[in-house]
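A.B. asks: could you work out the structure for the sequence below:
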Amino acid sequence: MIAAGQCIAHINLASGYRGGERQTELLMRYLADAGWRQILVARAGDSLATRSADIPGLDINEVSGGILSAARAFDEATLIHVHQGKALKAAWLQSFFAKHPYIITRRVQNGPRNNLINRSAYRRAARVIAVSAAIKNRLLTLEAELDVQVIPDCSSALRSSQHRSNAIREQFGIAPGQFVVGHVGALVDSHKGQLQIIEMARKSSGSGLVFILVGGGADEAMLKHAAEGLGNVHFTGHVDNVGDYLNLMNLFLYPSRHEGLGSVLLDAFEFGLPVVATRVGGIPEIVRDGVNGYLYEPNDTRSMLSTVLRLRDDAKPAAAMGLVNKRAAEAYTPARMGKRYELIYQSVLGPRG
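C.D. replies: Okay, here's the model as predicted:
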């Protein structure tokens, strides 16, 4: 059991629901099963608060998203877990008057800005966690003396149904035996690089490749315009049954321009998919070039497409990489990640009762 009075307050003030919010939810669900008392401080009416409403024993404090309102939302907390950049300022501010200790999980490689507030906020944290060594190294340029621990994100343990996957295949008119190249991510080209996928689709038009882009985002209209006239590109918009789409893919394509880790790659691993991705951020920490995927520089669409076509035409290396990835996924379960965070909490709060 948990020591009496211990309560973890998670704070994530993001608007929308992307990888960091999914990881926050997965951790809270694991901790609920492990018996921890929890609070979630999140934007009122936003996706994270809505999706987390059924977590047993979780109290949800919905705030406007402003730093001051969030800083006053931790009354019962004994430890605050910061999951997002803006949320850090709220935890830092409350530490001067309420004095709750806080820990930080950093999932973004870009930033934080090197200024007095950020340096103070990271120095005052009880623990600092990065989801990749690439992010850890970036944080050390902010404050060289930081003690940063690396805890990778986890897979989402997504479910799938062959019946639903077959229905998706019929919906998009994908013929049996066609090679499906899939991508899952927010449609933001400056981050995820989907214009590269459109370029590859245009270059391979008529080759039999089918490209599916799962997700929505700010660049959705622009990307659809760029793909006009291409019958081999399909957009799904935001969907909740991501597993059904991964289940029908033959290869996962992830040409990010920058990436803290790329936790959706771990979902692709679970489905036994070979990966073609870019050599940026934390991606090389989980995708080993030539072992469980292939890595290229951003915008090297010629090499990426050549590799996709080679894996289509030679099933043996693709199958071997998929098997390696299924085995690798066992190291990235929500339970494995959750247990590592429990050790962090206990090191700050003291042992469980």
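A.B. asks: please parse this protein into its domains.
C.D. replies: 7-154+333-349, 162-331 (automatic domain parsing).
A.B. asks: could I get those domains as a markdown table with mean neighbour count?
C.D. replies: Bear in mind the C-beta positions are built from the backbone N, C-alpha and C, glycine included. Output for these, formatted as a markdown table (neighbours: other Cβ atoms under 10 Å):
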| stretch | mean neighbour count |
| --- | --- |
| domain 7-154+333-349 | 18 |
| domain 162-331 | 19 |
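A.B. asks: need those domains in a markdown table (columns: mean pLDDT).
C.D. replies: Formatted as a markdown table, the domains of the chain follow (pLDDT from 0 to 100):
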| stretch | mean pLDDT |
| --- | --- |
| domain 7-154+333-349 | 95 |
| domain 162-331 | 96 |
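A.B. asks: what about dumping the CA coordinates of the helix or strand hosting Ala320 to CSV?
C.D. replies: Ala320 belongs to helix 315-328 when assigned by DSSP states H and E. Extracted as CSV, the C-alpha positions of helix 315-328 are listed here (Å, rounded to 0.1, in the frame of the first residue of the first chain):
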residue,chain,number,x,y,z
ALA,A,315,9.9,-9.7,-47.6
LYS,A,316,12.7,-11.5,-45.6
PRO,A,317,14.6,-8.4,-44.2
ALA,A,318,11.3,-6.6,-43.5
ALA,A,319,10.0,-9.7,-41.6
ALA,A,320,13.2,-10.0,-39.6
MET,A,321,13.1,-6.4,-38.6
GLY,A,322,9.5,-6.7,-37.6
LEU,A,323,10.4,-9.7,-35.3
VAL,A,324,13.2,-7.7,-33.7
ASN,A,325,10.8,-4.8,-33.0
LYS,A,326,8.2,-7.0,-31.5
ARG,A,327,10.8,-8.3,-29.0
ALA,A,328,12.1,-4.8,-28.4
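A.B. asks: what is the helix or strand that it is followed by packed up against?
C.D. replies: As assigned by DSSP H and E, the chain's next helix or strand after helix 315-328 is helix 334-349. Applying 3 or more Cβ pairs under 8 Å, 6 or more residues apart in numbering; DSSP states H and E, one finds that helix 334-349 contacts helix 19-33, strand 79-82, strand 102-106, strand 127-130.
A.B. asks: reformat these as a markdown table; add distance to Arg302.
C.D. replies: Shown next, in a markdown table, are these (distance: least, Cβ to Cβ, whole Å):
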| stretch | distance to Arg302 |
| --- | --- |
| helix 19-33 | 28 |
| strand 79-82 | 41 |
| strand 102-106 | 34 |
| strand 127-130 | 33 |
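A.B. asks: ok, which of the ones you listed comes nearest Asn247?
C.D. replies: helix 19-33 (18.2 Å; Cβ to Cβ).
A.B. asks: give me the contact list for that closest one.
C.D. replies: Helix 19-33 is contacted by residues 8, 10, 12, 14, 38, 40, 47-48, 51-52, 55-58, 83-84, 107-108, 131, 153-154, 156-157, 263-264, 334-335, 337-338, 341-342 when judged by Cβ atoms under 8 Å, 6 or more residues apart in numbering.
A.B. asks: CA-only coordinates of it in PDB, if you can.
C.D. replies: The C-alpha trace of helix 19-33 is given here as PDB (Å, rounded to 0.1, in the frame of the first residue of the first chain):
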ATOM      1  CA  GLY A  19       2.300  12.100 -27.600                       C
ATOM      2  CA  GLY A  20       3.000  13.800 -24.200                       C
ATOM      3  CA  GLU A  21      -0.600  13.700 -23.200                       C
ATOM      4  CA  ARG A  22      -0.900  10.100 -24.200                       C
ATOM      5  CA  GLN A  23       2.100   9.300 -22.000                       C
ATOM      6  CA  THR A  24       0.600  11.300 -19.100                       C
ATOM      7  CA  GLU A  25      -2.600   9.300 -19.400                       C
ATOM      8  CA  LEU A  26      -0.800   5.900 -19.600                       C
ATOM      9  CA  LEU A  27       1.300   6.700 -16.500                       C
ATOM     10  CA  MET A  28      -1.800   7.800 -14.500                       C
ATOM     11  CA  ARG A  29      -3.600   4.600 -15.500                       C
ATOM     12  CA  TYR A  30      -0.700   2.400 -14.300                       C
ATOM     13  CA  LEU A  31      -0.400   4.300 -11.000                       C
ATOM     14  CA  ALA A  32      -4.200   4.000 -10.400                       C
ATOM     15  CA  ASP A  33      -3.800   0.200 -10.700                       C
END
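A.B. asks: hmm, who's touching the following helix or strand past it?
C.D. replies: Later in the chain than helix 19-33, the nearest helix or strand by DSSP H and E is strand 37-43. Identification of contacts with strand 37-43 by Cβ under 8 Å, 6+ apart yields 2, 6-15, 24, 28, 31-32, 48-49, 52, 55, 57-65, 70, 73-74, 76-77, 87, 90.
A.B. asks: mind listing the strands strand 37-43 pairs with, and their directions?
C.D. replies: strand 7-12 (parallel), strand 58-63 (parallel) (DSSP bridges).
A.B. asks: ok and it relative to helix 19-33, angle-wise?
C.D. replies: 160 degrees (axes from the mean of the first three to the mean of the last three Cα atoms, to 10 degrees).
A.B. asks: which elements pack onto the helix or strand following strand 37-43?
C.D. replies: Following strand 37-43 in sequence order, the next helix or strand is helix 47-51 (DSSP H and E). Packing partners of helix 47-51 (3+ Cβ pairs under 8 Å, 6+ apart): helix 19-33, strand 37-43.
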